[in-house]
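Asks: No letters, just coordinates:
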Ligand SMILES: C[S@@+](CC[C@H](N)C(=O)[O-])C[C@H]1O[C@@H](n2cnc3c(N)ncnc32)[C@H](O)[C@@H]1O
């Protein structure tokens, strides 16, 4: 399996899976084609209903087979297909969560406007599962900066960073700007994968993605100090992914703490890391002041500068305006 580590290999996943031993990888993540006639470079996204499901059953079973007993299995898709995938997975692994990722999806004809994708989260052996609770920053009013949620008399109990993350993810957006997109019709945001990886794996673990596209899972794994294995059918996407992997230099850490960031904010941390991480933040004397003040990274620390130089060019400080959001 060593020859597949930390690169994207061109080929059909059904063949490539045969080279991966059982119980050998820590996390498997799949973002398969949704059978919605998307315009991929080579792949034809239009199988018959039964044919699509039969094919999915093949690789879903392979994902479970190669995952370690302590490992996790994630599958991203539209709810319609996930209902079928669940009935397959229920026979071979253990249900942990159906994560609802709040992001607009394509209209499906006469229906409610689809507004979320699902990520099925299964584990191989519930007793051995590796899982870390994760936190995201408090949601705030964009104008005045106050917390959106009213904590009433419990403000002193506020966690300085933010709440534990639930199974509904509303703070991760699809890639909006073309300048951040590769020539691929359904590229996922890197910080979606970073969140999944932070919650289910440790440094140096192996993350396998059999539908690697242009390399989102690989980049997230590399930034977080994990190893990865990628399969992808299309030569053009394989080339883009491997080029990106080669040139990716950013490490998403503060000292030896792995985090996920977007623009100037850290947007996912592991709960167990907060004590060590808190020394890199200005924190208010009283917890209740978190209600009106977002905690900020200490600006003269080398870590803050590293973040600024990555995705963000300027330090756009929060402007406090009058707001009647309450
Ligand atoms: C939804 S996309 C994945 C996008 C990826 N998550 C990203 O962010 O770039 C699905 C990918 O699966 C690839 N694919 C389709 N059939 C495959 C097969 N049999 N083996 C390997 N890859 C396949 C397609 O070429 C496409 O790039």
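Replies: On my side now, so go ahead. Here the structure is a predicted model, which means the values were calculated and not measured.
Asks: ok, how many other residues are close to residue 45?
Replies: 16 (other Cβ atoms under 10 Å). Yep, even glycine has a C-beta here, placed from its N, CA and C like the rest.
Asks: same question, the one 4 residues further on
Replies: Neighbour count of residue 49, defined by other Cβ under 10 Å: 9.
Asks: I'd like to check which residues are in contact with the closest residue to the ligand within the chain.
Replies: Residue nearest to the ligand within the chain (Cβ to the nearest ligand atom): residue 213, separated by 2.4 Å. Residues in contact with residue 213 (Cβ atoms under 8 Å, 6 or more residues apart in numbering) are 31, 184, 186-188, 232, 237, 241.
Asks: residues in contact with the nearest residue to residue 11 once chain neighbours are set aside?
Replies: Among residues not flanking residue 11 along the chain, residue 231 sits closest, at 6.2 Å (Cβ to Cβ, 6 or more residues apart in numbering). The neighbourhood of residue 231, defined by Cβ under 8 Å, 6+ apart, consists of 8-9, 11-13, 16-17, 209-212.
Asks: for residue 231, phi and psi?
Replies: Residue 231 has phi and psi values of phi -120, psi 150 when expressed as degrees, to the nearest 10.
Asks: could I get the contacts of residue 213 as CSV with neighbour count, secondary structure and pLDDT?
Replies: CSV is the format used below for the contacts of residue 213 (neighbours: other Cβ atoms under 10 Å; DSSP: H, G, I helix; E, B strand; the rest coil; pLDDT from 0 to 100):
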residue, neighbour count, secondary structure, pLDDT
31, 23, coil, 98
184, 19, coil, 84
186, 18, coil, 88
187, 19, coil, 94
188, 22, coil, 96
232, 28, strand, 97
237, 26, helix, 96
241, 27, helix, 97
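Asks: circling back to that earlier point, in strands, which of the contacts of residue 231 fall?
Replies: Members of those lying in strands (criterion: DSSP state E): 8-9, 209.
Asks: I figured residue 145 hits residue 294, correct?
Replies: Yes. Counting by Cβ atoms under 8 Å, residue 145 touches residue 294, with 6.3 Å between them.
Asks: immediately after the longest helix seen in the chain, which helix or strand?
Replies: Longest helix in the chain, counting residues (DSSP state H): helix 49-66. Going down the chain from helix 49-66, the next helix or strand is strand 67-77, by DSSP states H and E.
Asks: What residues sit buried inside that following strand?
Replies: 67-68, 70-77 (16 or more other Cβ atoms under 10 Å).
Asks: What strands line up against it, and which way round?
Replies: Next to strand 67-77 in the sheet, as set by DSSP bridges, lie strand 25-30 (parallel), strand 116-123 (antiparallel).
Asks: Other residues contacting the longest helix of the chain?
Replies: With Cβ under 8 Å, 6+ apart as the criterion, helix 49-66 contacts 13-14, 17, 20-25, 28, 30, 32, 35, 47, 73, 75, 81, 84-85, 88-89, 92-93, 122, 124, 208, 210.
Asks: What about the ligand: which of the residues you listed touch it?
Replies: The residues of these that also fall near the ligand, by Cβ under 6 Å from any ligand atom, are 13, 32, 210.
Asks: so how many other residues sit close to the first one?
Replies: Read it as residue 13. The burial count for residue 13: 23, using other Cβ under 10 Å.
Asks: correct me, but it touches residue 209?
Replies: No. Under the criterion of Cβ under 8 Å, residue 13 is not in contact with residue 209, lying 9.7 Å apart.
Asks: how near is residue 93 to residue 226?
Replies: Using Cβ to Cβ, to the nearest Å, residue 93 is found at 21 Å from residue 226.
Asks: same deal with residue 64?
Replies: Taking Cβ to Cβ, one finds residue 64 at 20 Å from residue 226.
Asks: per-residue confidence at residue 139?
Replies: Note on residue 139: pLDDT of 94.
Asks: how about the closest residue to it other than its chain neighbours, phi and psi?
Replies: With Cβ to Cβ, 6+ apart as the criterion, residue 139 has its nearest non-adjacent residue at 4.6 Å, and that residue is residue 148. Residue 148 has phi and psi values of phi -70, psi -40 when expressed as degrees, to the nearest 10.
Asks: Then the one 4 residues further on?
Replies: The phi and psi values for residue 152, taken as degrees, to the nearest 10, are phi 50, psi -130.
Asks: what's the burial count for it?
Replies: The burial count for residue 152: 6, using other Cβ under 10 Å.
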